[in-house]
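A.B. asks: give me a model of this one.
(2 chains)
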Amino acid sequence: MPPGPAGLGRYVSGTGLVVLVVALVVTGVAAWWTRTRNGAVHTPAPGTGQEDALTPQTVLAGLGVRPDDADLTVVQFSTAFCGPCRATRARLQQMQTSRPGLAYVHVDAESHLDEVRALDVRRTPTLFYLDRSGALVGRSSGAPRPEELTALVDAHTTVQR
Amino acid sequence: MTPSPSSATPSRVTPGAVPLVDVRGPRFGAWVTTVVLAVALLAGSGRLVAVQALVFAVGAAAGLRYAPYGVLFRTIVAPRLGPVREREPAAPPRFAQLVGFLFAAVGAAGYLLGVPILGAVATGLALVAALLNAATGFCLGCELYLTARRALPARTA
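C.D. replies: Model prediction:
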């Protein structure tokens, strides 16, 4: 919005105009970020051997996650105030019907705050992807994009009809 | 303590079990909120921000069914649109009303108590959240809920 004619200054707050323009720019950047980066699956660098430290795997094992029972285990942290959590959960459960090698574990983040802190889960949904050997093959925050989720699941499991 | 490997849980929420809203309602409300806050910023009007804070407060306290913009949507907008195609649980957008209220309340207080810069910045932050929600459906307050919850000591429930 360009500054209007001189007379408009009497009706428009200069501070308000500046804040409005900054807010619009911030929103634009945030919208771009949610469209492009939100939910992207990050693959942790392999072989960073910190055997003494509390690894994500040990924390998840404490939550009852048993990766050796399935080809791919997806662990989802959710909260009650999370719209995309529900859609992500439904999508994964839908995928389970045709992929027997896919296991899904749902964790209510609020009732497991110690684990949430240990795993540095900041937003919901946050997902952890573990293969049968127990290796962490990926992690994502925010609802994963359907095609990326499907590609990751398909890379580790086989579809059965 | 252990999470349920919820293979048996149905993925569709049964109507009636959880309060549901037409997804278009909160989006419409977010657009109205964006316009109201933009006008308030341009006019430097603390009273208008206070009105918006009140609107947020009703939605957060009484539920989305009674949220003023939700009522506007149901009575005027929805009948002109097609039938409801998608519903979502009411809890996340209702929580967002509470987050919106906090920012709008600080904004209104800033303007009305003679700290217009605080009023403008808080109002601007509320506008970012509302416009982001309106344009993309992304709920900033919902996303940050866990971050806030983590920082607080564990609740003994």
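
A.B. asks: what are the ranges of the strands in chain B?
C.D. replies: Applying DSSP state E to chain B gives strands spanning B:20-22, B:87-89.

A.B. asks: now the first one, how far from the centre of its chain.
C.D. replies: When distances are taken as CA atoms, centre = their mean, to the nearest Å, strand B:20-22 is centred 14 Å away from the chain's centroid.

A.B. asks: list the buried residues in it.
C.D. replies: Within strand B:20-22, the residues that count as buried by 16 or more other CB atoms under 10 Å in any protein chain shown are B:20, B:21, B:22. C-beta coordinates here come from the backbone N, C-alpha and C atoms, glycine included.

A.B. asks: can you tell me which helices and strands that strand packs against?
C.D. replies: Counting contacts by 3 or more CB pairs under 8 Å, 6 or more residues apart in numbering or on different chains; DSSP states H and E, strand B:20-22 is packed against strand B:87-89.

A.B. asks: same for the strand it packs on, what does it pack against?
C.D. replies: Looks like strand B:87-89 contacts helix A:83-98, strand B:20-22 (3+ CB pairs under 8 Å, 6+ apart).

A.B. asks: so who does the residue of chain B found nearest chain A touch?
C.D. replies: In chain B, the residue that lies nearest chain A is residue B:44 (3.2 Å; CB to the nearest CB). By CB atoms under 8 Å, 6 or more residues apart in numbering or on different chains, the residues touching residue B:44 are A:13, A:15, A:16, B:111, B:116, B:119, B:120.

A.B. asks: burial count for the closest residue to residue B:134 other than its chain neighbours?
C.D. replies: Excluding the flanking residues, the one nearest residue B:134 by CB to CB, 6 or more residues apart in numbering or on different chains is residue B:30, at 3.7 Å. When neighbours are counted by other CB atoms under 10 Å in any protein chain shown, residue B:30 registers 22.

A.B. asks: kindly report the same for the one 5 residues further on.
C.D. replies: Other residues near residue B:35 number 13, with proximity taken as other CB under 10 Å.

A.B. asks: and the one 10 residues further on, by the same measure?
C.D. replies: Residues within reach of residue B:45, counting by other CB under 10 Å, total 20.

A.B. asks: likewise for residue A:65?
C.D. replies: Residues near residue A:65, counting by other CB under 10 Å, number 23.

A.B. asks: what are the phi and psi values at it?
C.D. replies: When read as degrees, to the nearest 10, the backbone of residue A:65 gives phi -80, psi 130.

A.B. asks: for it, list the residues it contacts.
C.D. replies: By CB under 8 Å, 6+ apart, residue A:65 lies in contact with A:73, A:75, A:105, A:130.

A.B. asks: try residue A:26
C.D. replies: Residue A:26 neighbours (CB under 8 Å, 6+ apart): residue B:128.

A.B. asks: A helix includes it, no?
C.D. replies: Yes. Secondary structure assignment places residue A:26 in a helix (DSSP: H, G, I helix; E, B strand; the rest coil).

A.B. asks: helices along chain A, start to end?
C.D. replies: Along chain A, the segments classed as helices by DSSP state H run A:14-36, A:56-62, A:83-98, A:113-118, A:146-156.

A.B. asks: redo the contacts of residue B:44 as JSON lines? Include neighbour count and pLDDT.
C.D. replies: Formatted as JSON lines, the contacts of residue B:44 follow (neighbours: other CB atoms under 10 Å in any protein chain shown; pLDDT from 0 to 100):
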{"residue": "A:13", "neighbour count": "20", "pLDDT": "88"}
{"residue": "A:15", "neighbour count": "16", "pLDDT": "92"}
{"residue": "A:16", "neighbour count": "23", "pLDDT": "94"}
{"residue": "B:111", "neighbour count": "26", "pLDDT": "97"}
{"residue": "B:116", "neighbour count": "17", "pLDDT": "95"}
{"residue": "B:119", "neighbour count": "28", "pLDDT": "97"}
{"residue": "B:120", "neighbour count": "28", "pLDDT": "97"}
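
A.B. asks: can you list these in CSV and add distance to residue A:38?
C.D. replies: Formatted as CSV, the contacts of residue B:44 follow (distance: CB to CB, whole Å):
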residue, distance to residue A:38
A:13, 33
A:15, 32
A:16, 30
B:111, 33
B:116, 34
B:119, 31
B:120, 28
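
A.B. asks: which one of those residues sits closest to residue A:145?
C.D. replies: residue B:120 (36.0 Å; CB to CB).

A.B. asks: distance of the closest one from residue A:141?
C.D. replies: Distance from residue B:120 to residue A:141, counting by CB to CB, to the nearest Å: 31 Å.

A.B. asks: ok, now residue B:119?
C.D. replies: Going from residue B:119 to residue A:141 by CB to CB gives 33 Å.

A.B. asks: swap in residue A:121?
C.D. replies: 8 Å.

A.B. asks: who's in contact with residue B:150?
C.D. replies: A:113, A:116, A:117, A:122.

A.B. asks: surely residue A:96 is in contact with residue A:102?
C.D. replies: Yes. Residue A:96 is in contact with residue A:102 according to CB atoms under 8 Å; the separation is 5.1 Å.
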